[in-house]
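> here's a sequence, model it:
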Amino acid sequence: MKSDVTYDLLIIGGGISACVFASKYLKNNITKKIGLIEIGRGLGGRSSTRISKKYKGWKLNHGSPNFNISNSKNNLLLKRYIDELLENKYIKIDDSDIFFLNEDSDLETIKKSEFSCGVNYLSLDSMSELSKKIIESNNLKEKIDYYFETLIVDMKFNDKEWLLTSKNGDKFKSKYLICSTNLLFHKRSLKILNVNQIPLRKAIPINNDKKIDLLLNCLEEQTFIPRLTFLIYTNENYSYKDYSKKQRYFYLKNNLEKKYRFERIVFQPQDNNKLGIVIHSKNAELINSYLGAKDEEVLKQKIITNFNKLFEDNSVVHKLTFDEKISIMKWRASQPSGLAVPLSLQFSRKYRIGFCGDWFEGDGFGRIEGSILSALILEKKIKDLIK
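Next up, the predicted model:
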């Protein structure tokens with residue numbers, strides 16, 4: 001990027017929240033030009049899809065395979081937006097098979113969990129493609145410059161302008177800034193970015209803005225659930241009983257999760273007529289024990305052995321062989337927990353900075369519902385402020 005280019009608006013993060021905000025903002029500000037900065041290779045954030053370069057023909061949703069909307073307070077802004085996604089045929093109601101796996105390996109239909117409340121929806125394509133469709137929904141693709149594989153490590157605010165610096169030394173200037181990630185505001189940034197001071201605090205010293213001080217205080221208490229995801233590319237002859245093109249979700253009861261170190265297992269049929277398996281874990285001990293196995297073969301054996309033990313008395317799920325291919329996704333940041341940030345702290349007019357994401361308060365805290373709703377609320381708040 002040329003150092004003399006100044007954007008009207010820069011967005012940090014390329015997850016669903018950022019995409020919803022960008023789409024709505026550009027619809028109401030067609031004369032504006034914005035930039036979007038994302039550390040990953042594409043859009044989606046934690047709702048991403050792994051399109052394997054090593055194993056051709058596979059698309060595995062390795063973050064959120066679907067999403068659920070409870071909307072218990074009947075927020076019309078959220079309702080209208082979900083209806084819009086349905087009308088555009090970006091999503092559909094998820095009719096996948098959902099099971100609860102108890103300690104006796106018996107299967108029961110699950111009614112409620114943190115992953116299944118309200119109505120479940122599924123992208124008609126991959127989850128990453130959903131984010132892409134959202135951001136391009138108003139035919140304003142040319143209004144956005146994308147900067148992928150770009151990690152911002154420093155922020156400055158001078159003379160009503162933001163100056164961002166990436167790990168590679170690239171400079172980005174903007175009149176306004178929107179952050180859908182809180183990596184630059186949370187204490188975890190110190191280790192991940194290898195910096196001595198939280199970037200937002202460095203840019204805005206204490207006592208300069210009450211909202212920013214309160215936001216940083218909330219984030220000081222907010223924690224994250226560490227996650228590890230195993231992607232299994234099965235052989236041609238692998239299937240489960242009563243195979244269909246539907247996804248299947250298996251949720252483990254607490255005692256089983258502790259025993260096998262798996263949180264949930266998702267079977268995902270592929271266009272290549274094979275069956276992908278995504279195993280999710282949020283167990284810190286598992287992360288340490290699995291990553292401690294430096295030998296790739298030992299690591300693979302641990303995963304497959306635990307999978308086969310879990311389903312050994314189950315007639316629905318077949319055992320894996322040790323010929324299956326496996327890759328691992330270790331999340332830089334995952335589901336927030338603890339204290340949620342109040343929505344009243346979403347925007348600082350003095351410093352021209354706004355925030356959205358699943359780390360804000362509400363029924364959707366820690367889920368895609370919160371990501372979407374916070375973006376819709378933020379865009380509505382500032383559409384008349386950003387000139």
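> export stretch 10-24 as CSV, just CAs?
Presented in CSV, the C-alpha positions along stretch 10-24 are these (Å, rounded to 0.1, in the frame of the first residue of the first chain):
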residue,chain,number,x,y,z
LEU,A,10,-10.5,0.6,7.7
ILE,A,11,-11.8,-2.6,9.2
ILE,A,12,-9.6,-5.0,11.2
GLY,A,13,-10.8,-8.6,11.0
GLY,A,14,-12.5,-10.6,8.3
GLY,A,15,-15.0,-12.6,10.2
ILE,A,16,-18.8,-12.6,9.8
SER,A,17,-19.2,-9.5,12.1
ALA,A,18,-16.8,-7.5,9.9
CYS,A,19,-18.5,-8.6,6.7
VAL,A,20,-22.0,-7.8,8.0
PHE,A,21,-20.8,-4.3,9.0
ALA,A,22,-19.0,-3.7,5.7
SER,A,23,-21.9,-4.7,3.7
LYS,A,24,-24.4,-2.6,5.6
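> mean confidence score for that stretch?
Mean pLDDT, computed over stretch 10-24, is 96.
> which residue is the nearest non-sequential neighbour of the residue most central in space within the chain?
Geometric centre of the chain, nearest residue: Arg46, 2.0 Å, by CA atoms, centre = their mean. With sequence-adjacent residues excluded and distances taken as CB to CB, 6 or more residues apart in numbering, Arg46 is closest to Gly63, at 4.3 Å. (Glycine included, C-beta is placed from N, CA and C.)
> number of residues surrounding that neighbour?
Gly63 has 24 neighbouring residues, counting by other CB atoms under 10 Å.
> now do the contacts for it.
Gly44, Gly45, Arg46, Ser47, Ser48, Met127, Thr229, Trp331 (CB atoms under 8 Å, 6 or more residues apart in numbering).
> out of the residues you listed, which are inside helices?
Among the contacts of Gly63, the residues falling in helices (DSSP state H) are Met127.
> closest to Ser239 out of the contacts of Gly63?
Thr229 (21.8 Å; CB to CB).
> you'd agree that closest one is up against Ile326?
No. Counting by CB atoms under 8 Å, Thr229 stays clear of Ile326, with 10.8 Å between them.
> those two: who's more crowded?
Thr229 (21 against 16).
> mind listing what's buried along the longest strand anywhere in the chain?
In the chain, with assignment by DSSP state E, the single longest strand is strand 171-179. With burial defined by 16 or more other CB atoms under 10 Å, the residues of strand 171-179 counted as buried are Phe172, Lys173, Ser174, Lys175, Tyr176, Leu177, Ile178, Cys179.
> can I get these in JSON lines including pLDDT and distance to Ile134?
Listed next are the buried residues of strand 171-179 as JSON lines, based on pLDDT from 0 to 100; distance: CB to CB, whole Å:
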{"residue": "Phe172", "pLDDT": "96", "distance to Ile134": "23"}
{"residue": "Lys173", "pLDDT": "96", "distance to Ile134": "26"}
{"residue": "Ser174", "pLDDT": "96", "distance to Ile134": "22"}
{"residue": "Lys175", "pLDDT": "94", "distance to Ile134": "24"}
{"residue": "Tyr176", "pLDDT": "95", "distance to Ile134": "21"}
{"residue": "Leu177", "pLDDT": "97", "distance to Ile134": "21"}
{"residue": "Ile178", "pLDDT": "97", "distance to Ile134": "15"}
{"residue": "Cys179", "pLDDT": "98", "distance to Ile134": "18"}
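> for Gly42, grab the count of nearby residues.
Gly42 - counted by other CB under 10 Å - has 17 other residues nearby.
> pLDDT at the closest residue in space to it that isn't next to it in sequence, what is it?
Nearest non-adjacent residue to Gly42, counting by CB to CB, 6+ apart: Ser128, 5.8 Å away. pLDDT for Ser128: 93.
> tell me how far Ser128 lies from Leu214.
Ser128 sits at a distance of 34 Å from Leu214 (criterion: CB to CB, to the nearest Å).
> quick one, which of these two is more surrounded?
Shown here are Ser128 and Leu214; by other CB under 10 Å, Ser128 has more neighbours (25 against 14).
> my guess is the more buried one contacts Gly45, does it?
No. When contacts are counted by CB under 8 Å, Ser128 is not listed as touching Gly45 (9.1 Å).
> count the neighbours of Thr49 for me.
23.
> and the gap between it and Gly276?
Between Thr49 and Gly276 the computed distance is 11 Å (CB to CB).
> need the overlap of contacts for these two.
Leu60.
> residue contacts, the nearest residue to Tyr90 once chain neighbours are set aside?
Closest residue to Tyr90 apart from its sequence neighbours, by CB to CB, 6+ apart: Lys133 at 5.0 Å. Contact partners of Lys133, counting by CB under 8 Å, 6+ apart, are Asn88, Tyr90, Asp125.
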